[in-house]
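Got a predicted structure plus its sequence, pasted below:
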Amino acid sequence: MSNSVHVYDARADHATVNAQSPLAYSFQRSGMPAPGEEGRAVVGERAFLGHLILRGGAIVLDEALREVLGIGLPGRPNSLTVDADGQRSVQWLSPDEWLLIVPGDETFGLETRLRAHLGGSHVAIVDVSAGQTLIELTGEAAHGVLMKSTVYDVDPHAFTVGKGVTTIFAKTSVILRRPDESRWELIVRRSFADYVYRWLLDAGEEYGIGVARESRHESQ
Amino acid sequence: MSQSALQPNRLAQGGQIDRTHALTFTFNGRSYTGHPGDTLASALLANGVDLVNRSFKYSRPRGIVAAGAEEPNAVVQLGATEATQVPNVRATQQALYDGLVACSTNGWPDAQRDIMRWVGKLGSPFMPPGFYYKTFMAPASMWMTYEKYIRKTAGLGRSPTQPDPDIYDHMHRHCDLLVVGAGPAGLSAALAAARAGARVILADEQEAMGGSLLDTRETLDDQPAAQWLKTTLAALVEHDNVTLLPRTTAHGYHDHHFVTLHERRTEHLGDSAPSQAGHRQSRSRLHRVRAGQVILATGAHERPLVYANNDVPGNLLAGAVSTYIRRYGVVPGQKLVLSTSNDHAYRAALDWQEAGREVAAIVDARTAPEGDLVAQAKAAGIRVITGSAVIEAKGAQRVSAARVAAIDVDAFTVTGKVETLECDTIASSGGYSPVIHLASHTGARPVWSDDIIGFVPTTVAGVTATGGAHGVYPLGEVLADGVEAGVNAATALGFAATVNDADLPRVAPRHEGPACALFQVPHEKATLRAPKQFVDLQNDVTAGAIEVATLEGFESIEHVKRYTAMGFGTDQGKLGNINGMAVAARCLGQSIPETGTTVFRPNYTPVTFGAVVGRHCRELFDPERYTPMQAWHVAQGAEFEDVGQWKRPWYYPQKRRTSEGEGLETMAEAVARECRAVREGVGILDASTLGKIDIQGADAREFLGRIYTNKWQKLAPGRVRYGLMCGDDGMVMDDGTTSCLAENHFLMTTTTGNAAPVLEWLELWHQTEWPELEVYFNSVTDHWATMTVTGPEARKLLTELTDIDLDREAFKFMDWREGHVAGVPARVFRISFTGELAFEINVQAHYAMHVWEALFAHGDKYNLTPYGTETMHVLRAEKGFIIVGQDTDGSVTPEDLGMYWAIGYDKPFPWVGKRALTRSDTRREGRKHLVGLKPKDASVVLEEGAPIVFDPKHAIPMPMAGHVTSSYYSPTLESGFALAVVKGGHQRLGESVYLPMADGRVHEAEIVGTQFVDPKGERQHV
């Protein structure tokens, strides 16, 4: 397997290389308004995470994941599993496609170990870490912001914790998920991130939306 | 000044208005006052304003007729400033606010002194039905002239000429049950379903929820209905599974219980949306609701009677009179005559009398009315004239009297002597029409019911009409009907729910006698000779016009509608359509159900464009896709070109360095400079927008061989190949390079615009035709940023930044290598779209700006020049490299392009499109071939798209031989040059073709090969 696919660590050393997250330009251009005092709607970017697309049969991938990462594939479509400390997650995207999100510096090691475990199985693992970003949306009005943005039913009773879907967001698409009671996560394509950010600020304006202070978008 | 002097028709008490606060407003330039709780209509009536508009066609004075959405006359232009103008506002639905400014929409120059009066008075014989068709059909060229004046006189309101200061938005909602209408039926239904646990949305178009309960005389549980209303609304608010949407009109039912609601969020507050806690809020909001079940509790509209001069101000609907008195504390006149066909309307006379004004008479078409309300009226001493009707109103600017006579409804004749009753107000009621509009939107046809003398809706599964909306009128029955609908809907949705009669409030029983079916009232004169009897007030359609239409042979109600324009106004004939059908039925000697019905279409009431558009406007109109270097491009002053949704730098105008003057370069200057930089030094292009697809799997290579026209079996890891992709019709659909990353791993590039379609194309063939092939495709377009460093100095520059051996033998043309660039892990591809030495650097997008800036930090000494898409186009065209979609148009095969070298005729598996290349059409002689064109005059840059002919002297129409696909000025060649498709072009090299231009010039050009610069391709190999 190792020779049949070209795998290399394309992540640079963030200590010496100035990395820019997908929202770096947007924060600079559109600003980072402070959230209203009640924090009714707060967005933040969780930048530089490792995003891996897994393609293949559920059984082999599930086995490999349990072995290597300690969590398995979600058992049902449109759902995700999250590990104990909430740092690693696997989400169903389509019948043979899952999104794995882990801390950025674990990405290459994880891919390597998964490939070693999977041997010659018919699977594909693709690093898309720089091709998308994770936007977090919190606060009591998050639900309202989403209702103005997506056709999907985001009523907390209908969109329960652990659910994750790929759906329409304004005029683009996002992966939308709810890892826990307090948070919504949007995974957006890098080139669309600015549009999504501007849309979120606009849709959230009536709720006093702001940007989480800890949003980290440049490595230096 | 006393209250009554200010508002002569305002009662001292009663109604749901706040008399402690006065609101000032302006109508047609005059200032008036009203109160919170008023609509513009109730405030106008309170102030004794009779005339609110001129009619559409005859310019007759018109007053307020109704109290709700069905109002045909009081359609006003709203807005205190030019930017906040709103046309088409029904005064009956516009809440009054302080500072409101409105004017009549019809009436030029104004409603009081209307220069079109002569048309109404004298000219009406010249405006028969079908007027527009008859008058303005010929000459067609004059229509524009006529139309200008007709528009001006018709006055359908006007749009603002300044940008709207407000914002509008959308909200997507999902619920188990959507209840439309919060009258007694809707409230009961919503509460019953909510108690069962269903997620309920209750929408109501009025300022306050309650519907008929807001002005009813009846009691619930022996209390005024308002008490039950308050309790019920409070109970609904208690349920967190209920969303109440007041001021929200359900204006369209679409498929699958998708209903659009228009919520007017701030239109009751002011001209423009006030900010809320310092934040903008939307003026109105479009809710896009997907419901499991829909209950239509939309009530009924009262039908006016059609009698002569029934349009003179002072003619109102009986129910509207009650509404104005009971809800707004306004009596719209001094002396009333009520003309009715039913019991229910009697309450208008009772309310009028209780308000302390005089009732001249109730004129009842029935010979022996006998209900409780009739008895009450008689007991109150009101004169009741039976077997009669108001046959004509007298008066010009305001009703002055009613002409009353005994009539024979069935024979349609006046049978008795006419009595003239002095009065200033005539209220009429011809019964009630269920509001079936939304049910009609489902596509289900309504059916006529003789029981209720009206159309009742049929509906699709999951949609239920309840209460007045399906012809149930007595309050007790309405409440029970609503509960039943709510319980049934909840049950259908899987909730446990039962009807509990104990939940229903007690309603005092009230006997109502049967109504009679009266629509058009007979007159002593025949319809065509009698004074005008209006059916459709908004579009000025009379009973006579409908009769004329039937006499002229129009039998289908749909034709009658179109011929007379009945129901074509913004009110969609809410008041008039049933009466019009009844008139047509009478003229045609058939019943109403035989005559048919009309179909209502969305929208129920007009919806502003702002609400339709929502936030999808201006800077949020469409996504703008950016590469990781966007900030740099902007900082450098790049001009951008839209490529799909991407913003790509088009060219980078610099400050002029020459004596040609100050300022920025023109596009031609910038492109010439950028071209020279690449041909002579080194340039850099942000190529991140190119589609990139990661392909993994044991059968990846086999799959490529089937999808591309050329061969892939022998491409070794480390090598790159150009690939051409055809549709199954054999026509070129995309091209790009694909690199062999490892034995089972490829990276395909696509054109910028085709990234998504190509991925879908691959998935389509894999999933439907070759699922046995072990291969996966994933988009990595956004993951990798791509920068092309190209030009003779490219190697020198890159050497300074990379650990990759760039030696021409170690790293050959069409190789790729892995290494670092500026400290960042990178793949570098030695491919060229310029014909020059070129390296395409791929790094993870996070680091793209770092690498890009590092290149510039080192590039100064080589005059590293950023270039945009325009220069890219010129450079590639000089090399004859095609752009799919520009040089091809879906009718071009690889052979037409002369790209035989990229066609694997002998591949073992027949690749997509191969068979199509054996069709007679793709094999025939004389197909258009891609060739180069060299204008004889080097200074000429041919027009892209210009037609090509072989014989310029041929008589027009000349046979077309092809067209120019790409054309530029080449700073390298110091000449214009072009690519073109020409019939049999590959066999015509060296021949001349001609391009006749619109201005009469004819350009001559020589057919040449497509490679203008370095035809041997040596420069990219250096």
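Perfect, thanks for sending it.

residues near the residue of chain A found nearest chain B, how many?
Nearest residue of chain A to chain B (CB to the nearest CB) works out as A:Gly131 at 3.2 Å. Where you see a C-beta, it was placed from the backbone N, CA and C, and this is true even at glycine. The criterion is other CB atoms under 10 Å in any protein chain shown. On that basis, A:Gly131 has 25 neighbouring residues.

which ones are touching it?
Residues near A:Gly131 by CB atoms under 8 Å, 6 or more residues apart in numbering or on different chains: A:51, A:189-190, B:779-784, B:845.

Let's see if you can find the most crowded of the residues you listed.
When these are compared by neighbour count (other CB under 10 Å), B:Ala845 ends up highest, at 29 neighbours.

Correct me if wrong: that residue contacts A:Thr133.
No: here B:Ala845 lies out of contact with A:Thr133, judged by CB atoms under 8 Å, at a distance of 10.0 Å.

and for the two, which residues touch both?
A:22, A:190.

who's in contact with the nearest residue to B:Arg927 once chain neighbours are set aside?
Closest residue to B:Arg927 in three dimensions, ignoring its sequence neighbours and counting by CB to CB, 6 or more residues apart in numbering or on different chains: B:Asp896, at 5.6 Å. Residues near B:Asp896 by CB under 8 Å, 6+ apart: B:927-930, B:981.

Double-check that B:Asp896 belongs to a strand.
No: under the criterion used here (DSSP: H, G, I helix; E, B strand; the rest coil), B:Asp896 is coil, not part of a strand.

all strands of chain A, in order?
Assigned by DSSP state E, the strands in chain A fall at A:42-46, A:50-55, A:80-82, A:89-94, A:97-102, A:124-127, A:132-138, A:164-169, A:172-180, A:183-189, A:210-211.

for the stretch 601-750 of chain B, that is, sorry about that
Secondary structure of the stretch 601-750 of chain B (DSSP state E, counting those that start in this stretch): strands located at B:639-643, B:646-651, B:683-686, B:691-696, B:720-726, B:732-742, B:745-750.

Make JSON lines from those and add mean pLDDT to it.
Supplementary listing: these in JSON lines, determined by pLDDT from 0 to 100:
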{"stretch": "strand B:639-643", "mean pLDDT": "97"}
{"stretch": "strand B:646-651", "mean pLDDT": "98"}
{"stretch": "strand B:683-686", "mean pLDDT": "98"}
{"stretch": "strand B:691-696", "mean pLDDT": "98"}
{"stretch": "strand B:720-726", "mean pLDDT": "97"}
{"stretch": "strand B:732-742", "mean pLDDT": "97"}
{"stretch": "strand B:745-750", "mean pLDDT": "98"}
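
Distance to B:Val49 for those - can I get that in JSON lines?
Supplementary listing: those in JSON lines, determined by distance: least, CB to CB, whole Å:
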{"stretch": "strand B:639-643", "distance to B:Val49": "53"}
{"stretch": "strand B:646-651", "distance to B:Val49": "55"}
{"stretch": "strand B:683-686", "distance to B:Val49": "65"}
{"stretch": "strand B:691-696", "distance to B:Val49": "65"}
{"stretch": "strand B:720-726", "distance to B:Val49": "71"}
{"stretch": "strand B:732-742", "distance to B:Val49": "67"}
{"stretch": "strand B:745-750", "distance to B:Val49": "67"}
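
could I get those as CSV with mean neighbour count?
Shown next, in CSV, are the strands of the stretch 601-750 of chain B (neighbours: other CB atoms under 10 Å in any protein chain shown):
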stretch, mean neighbour count
strand B:639-643, 15
strand B:646-651, 24
strand B:683-686, 26
strand B:691-696, 23
strand B:720-726, 22
strand B:732-742, 23
strand B:745-750, 25
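
Indicate which one of these is closest to B:Thr570.
B:Thr570 lies closest to strand B:639-643 among the strands of the stretch 601-750 of chain B, at 37.3 Å (CB to CB).

what does the closest one rub up against?
Residues external to strand B:639-643 that are found in contact with it (CB under 8 Å, 6+ apart): B:633, B:647-653, B:667, B:689, B:752-753, B:868-870.

That strand pairs with which strands, and in what direction?
strand B:646-651 (antiparallel) (DSSP bridges).

can you list contacts of the partner strand?
Outside of strand B:646-651, the residues that reach it under the criterion CB under 8 Å, 6+ apart are A:191, B:624-627, B:630, B:633, B:636, B:638-642, B:667, B:670-671, B:674, B:686, B:689, B:752, B:866-871.

so where is the stretch 151-300 of chain B shaky, pLDDT-wise?
Low-confidence regions of the stretch 151-300 of chain B, defined here as pLDDT under 70, cover residues B:151-156.

thinking again about what came up before, of the contacts of strand B:639-643, which is the nearest to chain A?
For chain A, the closest of the contacts of strand B:639-643 turns out to be B:Thr689, at 7.9 Å, with distances computed as CB to the nearest CB.

got a markdown table for the strands of chain A, with distance to B:Ala375 and mean pLDDT too?
As requested, those are arranged in a markdown table below (distance: least, CB to CB, whole Å; pLDDT from 0 to 100):
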| stretch | distance to B:Ala375 | mean pLDDT |
| --- | --- | --- |
| strand A:42-46 | 66 | 97 |
| strand A:50-55 | 79 | 98 |
| strand A:80-82 | 70 | 96 |
| strand A:89-94 | 71 | 98 |
| strand A:97-102 | 75 | 98 |
| strand A:124-127 | 84 | 98 |
| strand A:132-138 | 64 | 97 |
| strand A:164-169 | 61 | 98 |
| strand A:172-180 | 64 | 97 |
| strand A:183-189 | 64 | 98 |
| strand A:210-211 | 67 | 96 |
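
any weak-confidence spans in the chain?
I went with chain A, as the question did not name one. Counting by pLDDT under 70, chain A has low-confidence residues at A:1-3, A:215-220.

meant chain B, my bad for not saying
In the prediction, chain B carries residues with pLDDT under 70 at positions B:1-5, B:106-156, B:657-661.

and with 80 instead?
Within chain B, the segments meeting pLDDT under 80 span B:1-6, B:106-156, B:501-503, B:597-599, B:657-662.

you'd agree B:Leu338 is up against B:Gln353?
No: here B:Leu338 lies out of contact with B:Gln353, judged by CB under 8 Å, at a distance of 10.5 Å.

quick one on the thing from earlier: so what's the backbone phi/psi at the residue nearest to B:Arg927?
Note on B:Asp896: backbone dihedrals following degrees, to the nearest 10 are phi -60, psi -30.

quick one: contacts for B:Val613?
Taking CB under 8 Å, 6+ apart, we find B:Val613 in contact with B:Tyr168.

Same check on B:Thr888?
For B:Thr888, the contacting residues are B:731-732, B:882, B:897, by CB under 8 Å, 6+ apart.

run the last query once more with 7 Å
If a contact means CB atoms under 7 Å, 6 or more residues apart in numbering or on different chains, then B:Thr888 has B:732, B:882 as its contacts.

swap in B:Pro36?
Applying CB under 7 Å, 6+ apart, we find B:Pro36 in contact with B:17-18, B:21, B:23.

export stretch A:51-67 as CSV, just CAs?
Only the C-alpha atoms of stretch A:51-67 are listed here, as CSV (Å, rounded to 0.1, in the frame of the first residue of the first chain):
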residue,chain,number,x,y,z
HIS,A,51,-9.6,17.1,8.3
LEU,A,52,-9.4,13.7,6.7
ILE,A,53,-11.9,12.3,4.3
LEU,A,54,-12.3,8.5,4.6
ARG,A,55,-13.7,6.5,1.7
GLY,A,56,-14.3,2.8,1.8
GLY,A,57,-16.4,0.1,3.4
ALA,A,58,-17.8,0.8,6.8
ILE,A,59,-16.6,-2.4,8.4
VAL,A,60,-12.9,-2.1,7.6
LEU,A,61,-12.9,1.6,8.3
ASP,A,62,-14.7,1.1,11.6
GLU,A,63,-12.3,-1.6,12.7
ALA,A,64,-9.2,0.5,11.8
LEU,A,65,-10.6,3.6,13.5
ARG,A,66,-11.4,1.8,16.7
GLU,A,67,-7.9,0.4,16.7
